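Visitor: fold the following, please.
(chains A, B and C, ligands or ions: 8)
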Amino acid sequence: MKAPELDRDSDKGRTEVKTTTCYMCACRCGIRVHLRDGEVRYIEGNPEHPLNQGVICAKGASGIMKQYSPARLLKPLKRREGTERGAGSFEAISWEEAFSTLEDRLAHIRATDPRKLAFFTGRDQMQALTGMFAKQFGTPNYAAHGGFCSVNMAAGLIYTFGGSFWEFGGPDLERAKLFVMIGTAEDHHSNPMKKHLGEFKRQGGRFVAINPVRTGYAAIADDWIPIKPGTDGALLLALVHEIIKMGLYDRDFLVNYTNAPELVNTDEKSDENGLFVRTDIPIREGCVDPQNKLWWDRITDEAVDNRWPDSDPRLMGEYTLEDGTPVKPSFQLLKEQVEKYTPEWASNITGIPSKTIRDLAHEMGITARDQKIELPIAWTDAWGKEHENITGAPVAFHAMRGLAAHSNGFQTIRALGILMTMLGTIDRPGGFRHRAPFPRPIPPCAKSPNSPDAVQPNTPLDGMPLGWPADPDDLFVDDTGTPVRLDKAFSWEHPLSVHGLMHNVITNAWRGDPYPIDTLFLFMANMAWNSSMNTSDVRKMLCDKNDNGDYKIPFIIVADAYHGETVNFADLVLPDTTYLERYDVMSMLDRPISEFEGPVDSVRLPILPPKGDSKPFQEVIIELGSRLGLPAFVTKDGKRKYKDYPDFIVNYETEPGSGIGFLSGWRGKGGEKFMAGEPNPRQWEMYARNNNFYKHDLPRSYQYMRNWNQGYLQWAEHYRLIKQSSPILCHLYSEVLQKFRLAAQGKRPGKQPPDHLRGRVEEHFDPLPFYSEPLESQMIDTRTYPLNAITQRPMAMYHSWDSQNAWLRQIHGYNTLFMHPSVGHDGGFDNGDWVWVESPTGKVRCIASFSQSVEPGTVWTWNAIGKASGAWGLAENAEESQKGFLLNHLIREELPPNEAGDHISNSDPVTGQAAWYDLKVRVFKADAPDDLPQSWPQFPTMKTLPGMKSFSGKVLKFFAGRGET
Amino acid sequence: MSDPIAKQLALVIDLNVCVGCHACVTSCKEWNTSGWAGSMPDRNPYDADPSGVFFNRVQTYEAGTYPNTETIHFPKSCLHCEDPPCVPVCPTGASYKRIEDGIVLVDYDKCIGCKYCSWACPYGAREFDEESGVMKKCTLCVDRIYDESIEPERRKPACVLACPAGARLFGDIIDPDSEVSVAIREEGGYQLMPEWGTKASNHYLPRRKTRQVIHADELIRADNPLKKEGPLPKAKVGAPSLDDVTSW
Amino acid sequence: MRPAFSVIFLTTLIGVGQGLFLALVAGQFYWVIGATDIPEAQDFYAIGSLLALVFMGGGLISSFFHLAHPERAWRAATQWRTSWLSREVIALPAVMGLLVLYGGLHWLDWRPVLMTFGNMKNLDLTMATGYLGAALVVALFICTGMIYACMKFIQEWASPLTVLNFALMGSSSGFVMATAYAGFMESPLEDFFAGGAMFLTIAALVGRIASIVRNKNIKYLSSLQSAVGLHHRNLRQLTRGFTASSFNLKEFFHPGSPALLPILTMAYMVSAFVLPIALMAFAWGTGSISAFALAFAVQYAGLLVERWVFFAEASHPQNLYYQKVA
Ligand SMILES: Nc1nc2c(c(=O)[nH]1)N[C@H]1C(S)=C(S)[C@@H](COP(=O)(O)OP(=O)(O)OC[C@H]3O[C@@H](n4cnc5c(=O)[nH]c(N)nc54)[C@H](O)[C@@H]3O)O[C@H]1N2
Ligand SMILES: Nc1nc2c(c(=O)[nH]1)N[C@H]1C(S)=C(S)[C@@H](COP(=O)(O)OP(=O)(O)OC[C@H]3O[C@@H](n4cnc5c(=O)[nH]c(N)nc54)[C@H](O)[C@@H]3O)O[C@H]1N2
Ligand code: SF4
Ligand code: SF4
Ligand code: SF4
Ligand code: SF4
Ligand code: SF4
Ligand SMILES: [Mo]
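Guide: Ligands and ions are numbered 1, 2, ... in the order given. You can find the predicted model right below:
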C-alpha cells in the first residue's frame, strides 16, 4: 500500500472545489464541495462563511448520499388515467406536457376564482418567491410551514419586542454568563448554536436546560430542570412573579425602553378600558408606535407626557387622571396579573420544586444585575439622548418549539419575552441580539388584505398573503366574520395566524369549509405523512370522493425531489433538483442569514447538472408565472420578462425602480450599492466570489439597542429595512391583544367576532400573559390519557428527508418510544417490548425504551423517522416502516366539538400554531394474539415510479470518481 | 511497542461540550470512504438490516436516576494506543504503529483478513470491511493531515474540522505545550480502560459543572428598585410643619 | 465472541492430528522400551501418520476459510516475533512436515540407529523424528492456546488453563482416535492407547471443569465505568449510536440466546468427556473396536460443541460499548 503521504487525494482524479450553501437543513451553512472526476468527494464547512465558520453537521456531511439517493424523482409524472389517486400508478410525461396541463388548469382558476388554487409549501427556503407567485396569481390561499412549525415563537416575541429567535435573533453566548435554554432540540440555527454553546461552556458559562427530556443540548447543561409539557407558562410566570417580588428587574431598562410605565385606562366601564391613555400629540401616520402615552411622575406625583424631561415614572400604584379616569402603569397590571402565580402554585403544575423556581429567578436576577457588561461604545437613543456606553446583562435565553408547539404557547412565549425584557436583555450584549431586518415595529407593517374584495379574477391579491394584524379590522374575513382563506388564517378562530395554518388545509379543502377548492399545489411538504396531524385520516381525505365520483380535492400537484409519502397522492408530480444542482437565494425579503453585526444574505450555486429530467422549482415558478402572464413576470405587452431564475433574481425589483430585489449585496450597475440599487448583471458572480454571501457589518454603535438606537433606526429607514425610524418599545402590555379582547367584549366598533367565538377571543387575548391548560387537555379525559407525548428532532436527520440517505439511516433507522421505567411498570411491560400508544384519536404500535432522562409523565420519540413501506427508495421491509412509527397518527388536527365550534383547529387560539405537543396518550403492552412484532398502522407498499433509478446492488461502496458501487 | 516515539498524534474529546450530533461520524465516513482508507462499504444500504463500515461512533449513556440524570454523549474511534495490543498480534505485519507520529494503521495490501487484531482491541475500534476482506479503522485522517495541497489550518482530521461544538481537539500528546496536552493536564483528561495498559493516546475530558452560589445578602440591597415605588417622604401640601410652631 | 466454524474445525481437527501424532510417538516409545515383544509394524506408524496428517490438513484447509485473503496467507508467517498467530502459522506446517518425515521414514523403514543405550535399546531416526515432532506438537498446542490466552482482556481465555485444555482435549481426542486406529489395525498398542485416552480424557474433563469454575468466578476488570471513564454507580447505555448493524455487533457476540450456553455446556460435557469415557470403558471391557470408533465420533462432535461454547462464552470488553439500540 502506498504510504498515505504519497497517496495524495488530489492525485486520485481531476479535483475541483466549489462553494455553495448547504440545504440538508434550514440552517444554510456555507459549504465547500470537493469533486473528483465530477463526483462529490467531500463536503466540508466553508471556513470563510460567517454562519458556520468551517464546521458542518451530520446531515451536511452526508449530502453525498442525498445526491445519490435512490428516491430521486427524475421525470415529471401524471397519474395514469383510470387509476385511483393514491395507488401510485403514474406515467412519465414531458415537461412541456406538465407545463401545459398546469397552464390550462391554473389560467382557468385565475380567470374564474383564484381562491381555488391552494398553494402551500413546506420546509422550504424560498417563501419570498412562492409568496410573491401566490400574490401575483391572486390567491389568498398561500402559506408555508410556519403555522405548524413555530409561529408562536415568532408572533409571541415579535409582538413583545419586535424580534424573535432563530433567523430573527438569538442569544449572545459570547458574552452571556447564564444561559437558559427552554424546549429546544435542534433548531434552525443548528451549527451556530452548537458552536456558540461549545464556546460558552468552555468559557465556563453556566447553562440551564428546561425540557421534559434530557438529550442533545440539554445533556451538557449544568442543570437540567425537567418540566411537564405544556406548563412552561406557569414556570415563566412564577419567575416573573418572583423577580418582581424581589425587585430583581432592571428598572432603568423598563422605564426607558418598554411600555412598563405607560398608563393604562382601568375604567371597566370605558370603551377605552385596557388601552393606553394618549396625549393629544399629533401622531405620524403609518405603522409606528407613537410616543404619545402618559407616565405617572414620582417626583411631581402627577401624570406627565412620557419622557418628560427629568421625570421619573412610577411602575407601580394606581392613580386618577385629572378627568377622573382611573389609571395604572402597565407594569402594575403585570404585577397584579402574576400575583397569584407563586412558585408554589407553579410547582404543582410544572412538577418543578418551588425552591428550584425561586433559585432560578434569583440567579437570573442577580446575574443580570451584578454582572453588568459595559462596552465603551457611544450611541444615541431615539430620543436624542447620548450614551457613553453600551451596557448589558449577561443572561441569555433560547427557546423553541417546546414552548411554541402548544395551544397555550403564544401566551407562554409572551411571558418569556416579558421575562427577558424585565431582566433588561433585549438587544444588549450578553442577552438577546437581533438579526437584520429585525427589529420590526410591533406589529410589523406587512398586512394581509382585510376584505374578500381583495381577491379578483386575473388580478394580483390586494395585499400580502401573510401579514401582521394590528387590530381586528386587519382580519381577513367577510362581513359575517367568515374567513376568506381556506386555512382560516386571520379569522376570528386564529386572529394572529401570521404564518397561516397549513395543517388544516387538507381537512378544510376536503370538507369544503369555508369553500371547496380546485387545485392543491404542494411544494416540498410531506403532507401525507410527517407534516400532517391525524395522518391516517388525512391520507383518506386526499383520496375521498363526492357522491358523483369526483375527488373532493379535484387536483393535486406535488413538487418534490424525492419519492416521499405525499408523492403518491398527486395527480401531477414535478421533479425538483437537489440543492447541489440549482440556483437559490436566502433573501433579505425572506429570512436571510443575518448576524448580530448586520444583515447577511446568501446564495446557492449549482455544483452539478440536474439529474434526469429534474428541474429546479425556481425555474418552474418563473416559467409558470410567465405562461400565466402574472404581471411581475411579463412585460407591459405580456411578453416573458425573465429568461430564467438567475435572470429573474438579478433583474426583479419589488416595484419598478425600487432598487430592492431578492439580493441585497452588490446592487447598482457595478455592484457598488447594497440593499437598494439598480440591478447588477454581475451580481451572481460577485456573490460567488465572496463565498456566496453578502455581509454588511453595521458600525459598532448601531449593533446594539437597535429598538431605540437612533443611528440604527435611521440607517434602517434609509436602507428600507423599516418604513419609519421610530423607536420600538417592548410591549410588556400588549394593546394589540386588548383591542381584540375589547372587540370580543363588544366594546369596540368595527369587525366583531361571531358570537360562538367571543368567549374564546376574550379569554385568550389577554394583554398580559396568563397560564391556561392546553386546549385538548381541557376537553378530554386526562385520567384515561395521563401521559404527554412529544417528539424531538434528532440532530442527524432532517424531518423525513434523510431515510433515503444510506449513511444517516444507519444512525436512525427506526424510532422507539422513550419513557421513564415507571410507565412500563404501570403498564405491565418491559424495556424493548412492543406497546400500543393510544390517544383519543387513535393508536399506534411501537417499541418501548426505558430511560431515566425523561420526566415520568412524558413519553417521547424522534420526529419523522418512521416511514411508509416502500417510500424513500427503501425496501418494503426496511426497518423504517416495520419498526419505526409515526406519532402524527395520534395527533388531532381539530379539537373535539366545543363552544367555539365543531371544527376548530387543534392550535393556539391566538396564532393558529399547531399544537403538536399537546398530545395526551396512554401506553400499554401489545400482547393481543394477533399482535405482530411490527409497527402499526401499515400502508400498502409504495412502488418505484417511472424514471426512478433504484439501487440494485447489495453493497454500496462509494468512492468518488468510481461511481456508486 | 517498546520503541519510544517522538510524537504521538491523538484526539482529545471534550465530553463537557459534546452534544451528540454525529457530525464526526458522518464527516469521517465521507472523508475516508473516498480517501486513502476507503472505501467504507454499506451492505443493504436501502434494504432491511443495513450495516456499514464506520470509523467513529457516538453513543449515549445515562448516569443516575430521575431527576438527577446525566446524559453523556460519547464519541469513540481508534484511540491510537501508545502500546496498542492490536499491533503485535497481527500475524502479517499489516497492522502497524508509525514511529514518526504514533498513528496505528493497517496496510490493506498485507492484511489477510484474519480479524485477529480486532479481537485484540479492547475498545471495538476496528472495522472489518467484508467487501475488500481487510481490516480498517480510523487513520487519524493520515491522508489529510500532511497533505500540503490543503491549507495548513485545515490539515486536521475530518471529524475535528466538522465538530460544530468544538469538542474534538487534535495534536501531539507528547509535546507538553500542545493544545491537547494542555487540555489533558488542565481539564483532567483521562484514558479509557486504563486497566489494560494500552496507554490509549486519545483522551477524554470529563464533565465539568459551573454552579452559582447565591448569598442571602445579594437579595436585599439598598438599590432595590422596589424602594422607588414606595411613598416618597413627602407630606400633603399645606400640612402643619415645625416652621409653624417654633421660633429660634 | 462469535464462534467461527473455520476456527472451530481448525482447532479441533489439528487437535486430533496433534494428539494422534503424540500417541504414535508415545506408542513407539512404549514399544521400544520393551512393553511388547512383537516386532514393530512400520506401516502402523506410517498409516497413522497419514491419518494424523489428514486431520491436520483438514484443519489447515479449514483455516483458510477464515481468511479473506488466503492468497496472502504466507505473510502470516512473518511476525513470529510478536504474534502467537504467526507462530502457529509456522508451527502447524512444521508439525505437518515432521509428520510426513516421521511417517515417511517408517514407511521406507529407514531407521538408522543414532544411539544405543545401556539397555541395548536403540534411538533410531524415526524415534528421534518422533521426539522432535512431539516437541513441536507441544509447541503448536502452546501457540494455539496462546492465541487465545494472550488476549488478556478476554478474561475467560486469559489463563494457562486455556493452553492446557487445548493440549489436553487435542491429546485426548488424538489418543481416542489412536485407540480406535490401533484396534482397527489390531495393534498391540490398543491397550496402551486406551489407557492413555482414558487418562487424557479424564484430565481434559478435569481441566475443562477447572476452567468453567474459574470463569464462573471471574471478576471483570473492565466495567461500563472504566469503558466510558465515568465513575458513576448507576451508568447505563441508552443507545449505541446507530440502529443499523455493524462488525462490532457481529464479531463479538454469539448468535445464540443466553439460555443456550448452559445447555450446550452440558451437551459437550457429556459428549466430549463422559460418553467417550463410558464408551471406552465399555469397549475396553468388550474389546469392541466399533465402540472406540463411536467414542471418537461422539467425542469429536462434543469437542465441536465445546469449541463453539469456548468462543461464545468469552465476553469481549468491546461489548460494553455496543449494547442497546435506539
Ligand atoms: N437535525 C434537525 N434539525 C432541524 C430539524 C430537523 O428535522 N432535524 N427541523 C428544523 C425545523 S423545521 C424546526 S421547526 C426546528 C425545531 O427546533 P426545536 O424546536 O429545537 O425542535 P423540536 O424537536 O420541536 O424540539 C422541541 C424540544 O422541546 C421539548 N419540549 C416539548 N414539549 C415541551 C414543553 O412543554 N416544555 C419544554 N420546556 N420543552 C418541551 C422537546 O423535548 C424537545 O427537546 O428544528 C430545525 N432543525
Ligand atoms: N409529530 C410531529 N410532527 C411534526 C413536527 C413535530 O415536531 N412533531 N414538526 C413540524 C414542523 S416544525 C415542520 S417544519 C414540519 C416539516 O414538515 P414538511 O416540511 O412537510 O416535511 P419534510 O419532511 O421536511 O419534507 C417535505 C418534503 O420536502 C422534500 N424535499 C426535500 N428536499 C427537497 C428539494 O430540494 N426540493 C423539493 N421540491 N423537495 C424537497 C422531501 O422529499 C419531503 O417530501 O413537520 C411538522 N410535523
Ligand atoms: S446545519 Fe443544516 S445547513 Fe448547516 S451543515 Fe448541517 S444540514 Fe447543512
Ligand atoms: S484503540 Fe484498538 S485498534 Fe486502536 S490502537 Fe488501540 S487497540 Fe489498536
Ligand atoms: S485482520 Fe489484517 S490487520 Fe488484522 S490481524 Fe489479521 S492480518 Fe493483521
Ligand atoms: S480522525 Fe479521521 S478517521 Fe479518525 S475518526 Fe476522525 S475523521 Fe475518522
Ligand atoms: S461532532 Fe462533536 S459534538 Fe458532535 S457528536 Fe462528534 S464530538 Fe460530539
Ligand atoms: Mo419547523
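Visitor: verify the contact between residue A:605 and residue A:18 for me.
Guide: Yes. Counting by Cβ atoms under 8 Å, residue A:605 touches residue A:18, with 7.3 Å between them. Placement of C-beta: from N, CA and C, glycine included.
Visitor: leaving out chain neighbours, which residue sits closest to residue A:116?
Guide: Nearest non-adjacent residue to residue A:116, counting by Cβ to Cβ, 6 or more residues apart in numbering or on different chains: residue A:518, 3.9 Å away.
Visitor: what residues does that neighbour make contact with?
Guide: Counting by Cβ atoms under 8 Å, 6 or more residues apart in numbering or on different chains, residue A:518 touches A:105, A:109, A:116, A:117, A:554, A:555.
Visitor: residues contacting the residue with the largest distance to the centre of chain C?
Guide: Distance from the centre of chain C peaks at residue C:232, with 42.2 Å (Cα atoms, centre = their mean). When contacts are counted by Cβ under 8 Å, 6+ apart, residue C:232 touches B:63, B:64, B:70, C:225.
Visitor: how many neighbouring residues does the second one have?
Guide: So that's residue B:64. 16 (other Cβ atoms under 10 Å in any protein chain shown).
Visitor: element containing residue A:347, please.
Guide: helix A:343-350 (DSSP states H and E).
Visitor: now that helix: mean pLDDT?
Guide: Looking at helix A:343-350 alone, the average pLDDT works out to 98.
Visitor: and it, what does it pack onto?
Guide: Helix A:343-350 sits against helix A:232-245, helix A:354-370, with contacts defined as 3 or more Cβ pairs under 8 Å, 6 or more residues apart in numbering or on different chains; DSSP states H and E.
Visitor: got a markdown table for those helices, with mean neighbour count, mean pLDDT and distance to residue A:296 too?
Guide: Listed next are these as a markdown table, based on neighbours: other Cβ atoms under 10 Å in any protein chain shown; pLDDT from 0 to 100; distance: least, Cβ to Cβ, whole Å:
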| stretch | mean neighbour count | mean pLDDT | distance to residue A:296 |
| --- | --- | --- | --- |
| helix A:232-245 | 26 | 98 | 18 |
| helix A:354-370 | 20 | 97 | 25 |
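Visitor: of all those helices, which one comes closest to ligand 4?
Guide: The closest of the helices and strands packed on helix A:343-350 to ligand 4 is helix A:354-370. By Cβ to the nearest ligand atom, the value is 41.9 Å.
Visitor: which positions within the next helix or strand after that closest one qualify as buried?
Guide: Heading C-terminal from helix A:354-370, the first helix or strand you meet, by DSSP H and E, is strand A:373-375. Counting neighbours by 16 or more other Cβ atoms under 10 Å in any protein chain shown, one finds that the buried residues in strand A:373-375 are A:373, A:375.
Visitor: ok, and what's touching strand A:373-375?
Guide: Residues outside strand A:373-375 that contact it (Cβ under 8 Å, 6+ apart): A:175, A:389, A:390, A:391, A:392, A:393, A:394, A:428, A:429, A:430, A:704.
Visitor: restricted to helices, list the contacts of residue A:518.
Guide: Using DSSP state H, A:105, A:109 are the members of the contacts of residue A:518 that sit in helices.
Visitor: which two in the contacts of residue A:518 are spaced the farthest apart?
Guide: Taking Cβ to Cβ as the measure, these span a maximum distance of 11.3 Å, between A:117 and A:554.
Visitor: that older thread, dump the contacts of residue A:518 into a markdown table; add pLDDT and distance to residue C:5 as well.
Guide: As requested, these are exported to a markdown table (pLDDT from 0 to 100; distance: Cβ to Cβ, whole Å):
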| residue | pLDDT | distance to residue C:5 |
| --- | --- | --- |
| A:105 | 98 | 65 |
| A:109 | 98 | 69 |
| A:116 | 98 | 68 |
| A:117 | 98 | 66 |
| A:554 | 98 | 63 |
| A:555 | 98 | 61 |
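Visitor: if you rank the contacts of residue A:518 by neighbours, which is first?
Guide: Neighbour counts for those were taken using other Cβ under 10 Å; the highest belongs to residue A:117, with 25 neighbours.
Visitor: could you pull out the strands for chain B?
Guide: B:9-14, B:42-43, B:51-52, B:57-63, B:70-76, B:95-97, B:104-106, B:126-129, B:134-137, B:168-172, B:203-205 (DSSP state E).
Visitor: closest to residue A:683 out of the ones you listed?
Guide: Residue A:683 sits nearest to strand B:168-172 of all those, at 38.0 Å, using Cβ to Cβ.
Visitor: can you name every helix or strand that that closest one contacts?
Guide: On a contact count with 3+ Cβ pairs under 8 Å, 6+ apart, strand B:168-172 meets strand B:9-14, helix B:158-162, helix B:179-187.
Visitor: the longest one near chain A anywhere?
Guide: No. Taking Cβ under 8 Å from any Cβ of the partner chain as the criterion, helix B:179-187 and chain A are apart, separated by no less than 9.3 Å.
Visitor: please identify which residue in chain A comes closest to ligand 5.
Guide: The nearest approach of chain A to ligand 5 comes at residue A:1, 11.6 Å away (Cβ to the nearest ligand atom).
Visitor: what mean pLDDT does whichever strand or helix holds residue A:417 get?
Guide: Counting by DSSP H and E, the element that carries residue A:417 is helix A:409-422. Helix A:409-422 carries an average pLDDT of 98.
Visitor: after it, next one along is what?
Guide: Downstream of helix A:409-422, the next assigned helix or strand under DSSP H and E is strand A:432-434.
Visitor: what about that following strand, distance to the chain center?
Guide: Taking the mean of its C-alpha atoms, strand A:432-434 sits 17 Å from the chain's own mean (Cα atoms, centre = their mean, to the nearest Å).
Visitor: list the buried ones in it?
Guide: Judged by neighbour count using 16+ other Cβ under 10 Å, the buried positions of strand A:432-434 are A:432, A:433, A:434.
Visitor: ok, stretch B:175-192 next?
Guide: Here stretch B:175-192 shows B:178, B:180, B:181, B:182, B:183, B:184, B:187, B:189, B:191, B:192 as buried, counting by 16+ other Cβ under 10 Å.
Visitor: of these, just say which sits nearest to residue A:758.
Guide: Among these, residue B:187 lies closest to residue A:758 (Cβ to Cβ), at 61.0 Å.
Visitor: check contacts around the closest one.
Guide: By Cβ under 8 Å, 6+ apart, residue B:187 lies in contact with B:14, B:16, B:205, B:206, B:208.
Visitor: repeat that for 7 Å
Guide: By Cβ atoms under 7 Å, 6 or more residues apart in numbering or on different chains, the contact set of residue B:187 is B:205, B:208.
Visitor: one more: residue B:193?
Guide: B:122, B:123, C:222, C:226, C:227, C:317.
Visitor: now the stretch 1-150 of chain C against chain B: closest residue?
Guide: Sorted by distance to chain B under Cβ to the nearest Cβ, the residues of the stretch 1-150 of chain C start with residue C:68, at 2.6 Å.
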